[in-house]
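Q: model the structure of this input:
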Amino acid sequence: MMFVCFYNGYPIYEGDTHSYITVAFNNIFPEDRTPFYSYFLRISSFWESLWYTIFFQCLLLSFLLLRYIRHLNSSGPAFSSGIIAIMVIATFTCVSWISSKLMPDIFGGILLVAVLLYLFENASKPWRKASYLVIIFLIISIHNSHFLITALFSCSILIFSLVRKNKALLKKSLALMGVSVLFYITMCSLNLAQGNGFVFCKAAPVFTMAKLASNGILDVYLDDNCEKKNLRLCSCKGQLTEYPWDFMWPAPSSALSKIGGWDSCKNEYNGILSDVFTSPRYLKLYIQKSCTSTMRQLFEIQIMPTYADDRESGSTKQYKKYFNEEFKEYTISRQNRNCLDITYFNLIYNLFFILTTVWIFLLYSRSPNKDIMHLYASIIVFLLINAFVSSTFSMVHYRFQARVFWLLPATNAILILKYLQANYKASQNLPINK
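A: Just a heads-up that it's a prediction; the model follows:
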């Protein structure tokens, strides 16, 4: 799972990595995200090396994947079958690119694996089910989107269990919903303790405004209302960019900076948001935009190039300040030399997904195995919810879908390996089950 780290020469970073490092080592409680990935980064690095952080990310991922593999393929030696499956998954899916990043992205996939294990590992002992719920709660805390994704997913499972009158699944869906609600209350309480009020995310109105600016709804609203209302945002009319981050950063060129910052127009933002979500005209437009962006996000499964950092950037300074002993590794990594080509990797991943999907369809299209069908249905529903939440409340970006999509070809691989193993045992007249 750490292959890409070794290939690159250092853990991969993204534009937000330095923000997580800053929060981690300056005891800052951020207004725009949960602080828990930063805390994880600080503790797992032992204040010494970011290699350790990647190691622990991959360790948790591998542990849950081994359980998932064991659930799908209970025949044969558990350890050797699991290691072979993990090697195939790491080689032919994009998971290593995600698990090798100093970002919370991989925890989206870990969340999906943990949820599937909790729902479908029927033979689990009570303590193991409880441990899955604890893991799910901790993973939800890593990223704001995890709360809403888990809540919506548990609602879909709840509806399915009511329709099918499945009491066991109903209890599990209620437990998942309870875990997500518990984290919501926890986050609101932490914000209250920080003086931000009893809110899940203090910066939520700003992020929502940034989304309205990027999808064009704010332009329509300002065209309709600037002559009727005294809005400070009217000074930015016609200058709003297509990317949400350009609405908020950087100062002083961003629209937010021009009108005074994050808190200066709080009442104005809330008024605009109230108008948008209560007016049929704007609400209809918002729903249309949400549907199209969800479908776009659903198919954003490519790994995109990662670019070198400017030597004078804030990111570079953070690495030098807190991890000076490995700063040379950081500077000579393939990423910082712009030598990290992903073209052939994407080609392999796409071909593997297509071929294995066709194989699985041929194997299971007429299969009476309802558990497999329910498993795939759950994965697809989760991918759809992930696409909806990410694109509707943030933006369409490859990272948000690739972080969970890899589990679909990974599941294909596990089931195909199970099929090949069963055929081999049959040809050798070996018992298929232990």
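Q: where does the chain dip in pLDDT?
A: Residue ranges of the chain with pLDDT under 70: 75-78, 123-124, 249-257, 260-264, 312, 314, 367-368, 430-434.
Q: where is the longest helix in it?
A: Across the chain, the helix with the greatest residue count (assigned by DSSP state H) is helix 167-193.
Q: C-terminal to that one, what's the next element?
A: The helix or strand immediately downstream of helix 167-193 is helix 204-214, counting by DSSP states H and E.
Q: in the very next helix or strand once past that next one, what counts as buried?
A: As assigned by DSSP H and E, the chain's next helix or strand after helix 204-214 is helix 217-225. The neighbour-count check on helix 217-225 (16 or more other C-beta atoms under 10 Å) flags I217, L218, D219, Y221, L222, N225 as buried. Any C-beta I mention is one placed from the backbone N, CA and C, and that applies to glycine too.
Q: again with stretch 266-277
A: The neighbour-count check on stretch 266-277 (16+ other C-beta under 10 Å) flags E268, Y269, I272, L273, D275, V276 as buried.
Q: stretch 153-172 now?
A: For stretch 153-172, the neighbour count (16+ other C-beta under 10 Å) marks F153, S154, S156, I157, L158, F160, S161, L169, L170, K172 as buried.
Q: got a list of what the spatially closest residue to N270 that is not a sequence neighbour touches?
A: Distances taken as C-beta to C-beta, 6 or more residues apart in numbering place P205 nearest to N270, at 6.1 Å, with adjacent residues excluded. Applying C-beta atoms under 8 Å, 6 or more residues apart in numbering, we find P205 in contact with K266, Y269, N270, L273.
Q: secondary structure and distance to Y243 for these - can I get that in JSON lines?
A: Converted to JSON lines, the contacts of P205 look like this (DSSP: H, G, I helix; E, B strand; the rest coil; distance: C-beta to C-beta, whole Å):
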{"residue": "K266", "secondary structure": "helix", "distance to Y243": "23"}
{"residue": "Y269", "secondary structure": "helix", "distance to Y243": "19"}
{"residue": "N270", "secondary structure": "helix", "distance to Y243": "23"}
{"residue": "L273", "secondary structure": "helix", "distance to Y243": "20"}
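Q: nearest to D309, of these?
A: Checking the contacts of P205 against D309 with C-beta to C-beta, the nearest one is Y269 at 32.2 Å.
Q: against S293, how distant is that closest one?
A: Counting by C-beta to C-beta, to the nearest Å, the gap from Y269 to S293 is 21 Å.
Q: what's the longest helix of the chain packed up against?
A: If you count contacts as 3 or more C-beta pairs under 8 Å, 6 or more residues apart in numbering; DSSP states H and E, helix 167-193 packs onto helix 106-120, helix 126-140, helix 144-164.
Q: out of those helices, which comes closest to C339?
A: Among the helices and strands packed on helix 167-193, helix 106-120 comes nearest to C339, with 23.1 Å by C-beta to C-beta.
Q: next, the angle helix 126-140 makes with the closest one.
A: Here helix 106-120 runs at an angle of 150 degrees relative to helix 126-140 (axes from the mean of the first three to the mean of the last three C-alpha atoms, to 10 degrees).
Q: winner for burial among the helices and strands packed on helix 167-193?
A: Using mean count of other C-beta atoms under 10 Å, the stretch among the helices and strands packed on helix 167-193 with the largest mean neighbour count is helix 106-120, at a mean of 24.
Q: CA atoms only for that helix, dumped as PDB, please.
A: Only the C-alpha atoms of helix 106-120 are listed here, as PDB (Å, rounded to 0.1, in the frame of the first residue of the first chain):
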ATOM      1  CA  ILE A 106      -7.800   7.400   2.200                       C
ATOM      2  CA  PHE A 107     -10.100   7.400   5.200                       C
ATOM      3  CA  GLY A 108     -13.100   7.700   2.900                       C
ATOM      4  CA  GLY A 109     -12.200   4.300   1.500                       C
ATOM      5  CA  ILE A 110     -11.400   3.000   5.000                       C
ATOM      6  CA  LEU A 111     -14.800   4.200   6.100                       C
ATOM      7  CA  LEU A 112     -16.500   2.300   3.300                       C
ATOM      8  CA  VAL A 113     -14.700  -0.900   4.100                       C
ATOM      9  CA  ALA A 114     -15.500  -0.600   7.800                       C
ATOM     10  CA  VAL A 115     -19.200   0.100   7.100                       C
ATOM     11  CA  LEU A 116     -19.400  -2.900   4.700                       C
ATOM     12  CA  LEU A 117     -17.800  -5.200   7.300                       C
ATOM     13  CA  TYR A 118     -20.200  -4.000  10.000                       C
ATOM     14  CA  LEU A 119     -23.200  -4.600   7.800                       C
ATOM     15  CA  PHE A 120     -22.300  -7.800   6.100                       C
END
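Q: chain center to that helix, what's the gap?
A: 11 Å (C-alpha atoms, centre = their mean, to the nearest Å).
Q: my read: G197 touches L190, true?
A: No: the criterion here is C-beta atoms under 8 Å, and G197 misses it with L190 at 11.3 Å.
Q: more neighbours: which of those two?
A: For the pair G197 and L190, the greater number of neighbours falls to L190 (15 against 9), based on other C-beta atoms under 10 Å.
Q: residues touching the more buried one, list them.
A: Neighbouring residues of L190 by C-beta under 8 Å, 6+ apart: F29.
Q: and of the buried residues of stretch 153-172, the nearest to D371?
A: Nearest to D371 among these, counting by C-beta to C-beta, is L169 at 11.9 Å.
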